[in-house]
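Enquirer: need coordinates for the following:
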Amino acid sequence: MLCRTSLVVGSMLLLGACSFSEDALWPSLTGEDPSGEPAAPQAAEAPAPEAPPAPVSQEQPSPLANLGSGTFESPGVTAGQPTGTLVGQKVDSLRGDLGRLQGALGTQNNQLQTQRNSARQFAGNYHSLVGAMNARLQVGTTPGNPELVAQWNQSQAELQQVAASIGALNTLSNEASATSALASFLLESTRATFELRGAVEEDHRQLAVLEDEVNKTVVVLDRLLNELTDDVARTQNYYATERMNLTAMQVAIDNGEFIGGSLASRAYGVPVPAAPGGGVGLVGQRQPLAVIRFDRPIVEYEPALFTVINSALERRPNAGFDLVAVAPAVGDPARVALETNKSRRNAENVLRSLINMGLPADRVSLAATSSPQAQVNEVHVYVR
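Expert: Next up, the predicted model:
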């Protein structure tokens, strides 16, 4: 992905799983009995087969109501006055590039809002149908009830529309990544223009204004990408779960009684919860599963990262992972803060890679810190 190769810099050192002790790679996990306390028996209720099922579904919110709600407005481009210099012409050209880039940002923001609304609408329709079917099944009905079969078919159609929204969001994410890469290039070009000879003071004043506006645009694009990543992950998880639940409901309709949701989502247990503060306290205290070092313009870290994550999940299917962005603790506080921010962006790219590989977002935590032992920006991957 263009954005990833432009933002991620450095080399990667992957630590082989065979070099760790069993305790280091797989820390002991404790917890309560998965069965928990026995569920209290439901109070007996008077049968009411004539009760309409619609109110049951209407009272429940759409499962995709937690999609992001951010809007991403362009900061705008300040008009400038011609200065008659070659540098001034360059500034005017860069200003035009920023205007076109912000136009693309506005289009992508509109597409994101449209896709969110579409996914929520189809998920809401699906949820209403499922609620109605569950209500009928809980009080009992005839095996293979044709009314429920028709509702099941409609539910499947609505769920497929959610799947189409996932494809549209993925396409939009790729487009936003390309726009973010162009924004980063534009920022570097703007800064490089300060070094050109033959400029007057007005050229540098306009360049400073332009640099601020490009910086703001880069920040907005980063936030757009982050929310897109979260939305894709949530929608994918929702679709995968509900597709399995819908298959289980087909069996329930064939039998004419409620049998519960799919067991597939519980087959591997729930991920081990992250410790308070994420994995920050692990740096220097425990051997990481992998260390990605960022000291080169381009690194192909994804194949090796996939290998170690896949191996970890084979050993412990309910494993979780902590990503820690580690920046060098050298220089003044402002420099450390800048490097920490860059390191966190690198970690966000690694997180996107893991999600694109199919790792559920709820299995990964993200944190940032600095360390005097770090020579370059790094991302540490810990297993829990």
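
Enquirer: can you pull out the helices in the stretch 151-300 of the chain?
Expert: With DSSP state H, counting those that start in this stretch as the criterion, the stretch 151-300 of the chain has helices at 201-255.

Enquirer: you'd agree Ala252 is up against Arg136?
Expert: No. Between Ala252 and Arg136 there is no contact under CB atoms under 8 Å: 10.0 Å. C-beta here means a position set from N, CA and C on the backbone, and glycine is covered the same way.

Enquirer: so which residues of the stretch 1-150 of the chain form strands?
Expert: 11-14 (DSSP state E, counting those that start in this stretch).

Enquirer: actually, the stretch 251-384 of the chain.
Expert: Under DSSP E, counting those that start in this stretch, the stretch 251-384 of the chain gives strands at 290-294, 321-328, 364-371, 377-383.

Enquirer: okay, the ones you listed in JSON lines with mean pLDDT, distance to Glu158 and mean neighbour count next?
Expert: JSON lines is the format used below for the strands of the stretch 251-384 of the chain (pLDDT from 0 to 100; distance: least, CB to CB, whole Å; neighbours: other CB atoms under 10 Å):
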{"stretch": "strand 290-294", "mean pLDDT": "91", "distance to Glu158": "40", "mean neighbour count": "23"}
{"stretch": "strand 321-328", "mean pLDDT": "90", "distance to Glu158": "33", "mean neighbour count": "25"}
{"stretch": "strand 364-371", "mean pLDDT": "87", "distance to Glu158": "29", "mean neighbour count": "20"}
{"stretch": "strand 377-383", "mean pLDDT": "92", "distance to Glu158": "38", "mean neighbour count": "26"}
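
Enquirer: so which of those is nearest Gln108?
Expert: Closest to Gln108 of the strands of the stretch 251-384 of the chain, according to CB to CB: strand 364-371, at 23.5 Å.

Enquirer: what's in contact with that closest one?
Expert: Contact with strand 364-371 is made by 274, 277-280, 283-284, 320-329, 336, 339-340, 343-344, 347-348, 351, 354-355, as judged by CB atoms under 8 Å, 6 or more residues apart in numbering.

Enquirer: tell me the strands beside it, with direction?
Expert: strand 321-328 (parallel) (DSSP bridges).

Enquirer: how far away from the center of its chain is the partner strand?
Expert: How far strand 321-328 lies from its chain's middle: 17 Å, per CA atoms, centre = their mean, to the nearest Å.

Enquirer: what's the angle from it to strand 377-383?
Expert: Interaxial angle, strand 321-328 versus strand 377-383 (axes from the mean of the first three to the mean of the last three CA atoms, to 10 degrees): 160 degrees.

Enquirer: okay if I get the strands of the stretch 251-384 of the chain as a markdown table plus distance to Val200?
Expert: Supplementary listing: these in a markdown table, determined by distance: least, CB to CB, whole Å:
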| stretch | distance to Val200 |
| --- | --- |
| strand 290-294 | 38 |
| strand 321-328 | 38 |
| strand 364-371 | 41 |
| strand 377-383 | 37 |
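
Enquirer: nearest to Leu228, out of those strands?
Expert: Across these, closest to Leu228 is strand 364-371 (CB to CB), at 16.0 Å.

Enquirer: got the CA positions of the closest one in PDB?
Expert: Extracted C-alpha coordinates of strand 364-371, given in PDB (Å, rounded to 0.1, in the frame of the first residue of the first chain):
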ATOM      1  CA  VAL A 364      -4.500  -5.700  19.800                       C
ATOM      2  CA  SER A 365      -3.700  -2.700  22.000                       C
ATOM      3  CA  LEU A 366      -1.600   0.300  21.100                       C
ATOM      4  CA  ALA A 367       0.700   2.400  23.300                       C
ATOM      5  CA  ALA A 368       3.600   4.800  22.900                       C
ATOM      6  CA  THR A 369       6.700   5.500  25.000                       C
ATOM      7  CA  SER A 370      10.300   6.600  24.800                       C
ATOM      8  CA  SER A 371      13.500   4.800  25.900                       C
END
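
Enquirer: per-residue pLDDT, the residue of the chain most remote from its centre?
Expert: For the chain, the C-alpha farthest from the mean C-alpha position belongs to Gly84; by CA atoms, centre = their mean, that distance is 46.7 Å. Looking at Gly84, its pLDDT reads 89.

Enquirer: can you check the one 4 residues further on too?
Expert: As summarised for this prediction, Gly88 has a pLDDT of 92.

Enquirer: with adjacent residues omitted, what lies nearest to it?
Expert: Asp203 (5.1 Å; CB to CB, 6 or more residues apart in numbering).

Enquirer: okay, now that neighbour: neighbour count?
Expert: 23 (other CB atoms under 10 Å).

Enquirer: mind checking pLDDT for the closest residue to Leu187 other than its chain neighbours?
Expert: Excluding the flanking residues, the one nearest Leu187 by CB to CB, 6+ apart is Val214, at 4.8 Å. At Val214, the model reports a pLDDT of 95.

Enquirer: output the below-cut-off pLDDT ranges for this protein.
Expert: The chain contains residues with pLDDT under 70 at 1-66, 258-279, 356-358.

Enquirer: can I see the domain layout of it?
Expert: With domains defined by automatic domain parsing, the chain comprises 1-27+268-384, 60-266.

Enquirer: how close does Phe72 sit to Arg335?
Expert: 29 Å (CB to CB, to the nearest Å).

Enquirer: thinking again about what came up before, for the residue farthest from the centre of the chain, phi and psi?
Expert: Dihedral angles of Gly84 (phi, psi; degrees, to the nearest 10) stand at phi 80, psi 0.

Enquirer: now Gly70
Expert: phi -70, psi 150.

Enquirer: again, but for the one 10 residues further on
Expert: Dihedral angles of Gly80 (phi, psi; degrees, to the nearest 10) stand at phi -130, psi 160.

Enquirer: pull the contacting residues for the residue farthest from the centre of the chain.
Expert: With contacts defined as CB under 8 Å, 6+ apart, Gly84 has no neighbours.

Enquirer: thought Leu105 was touching Thr179?
Expert: Yes. Here Leu105 lies in contact with Thr179, judged by CB under 8 Å, at a distance of 6.4 Å.
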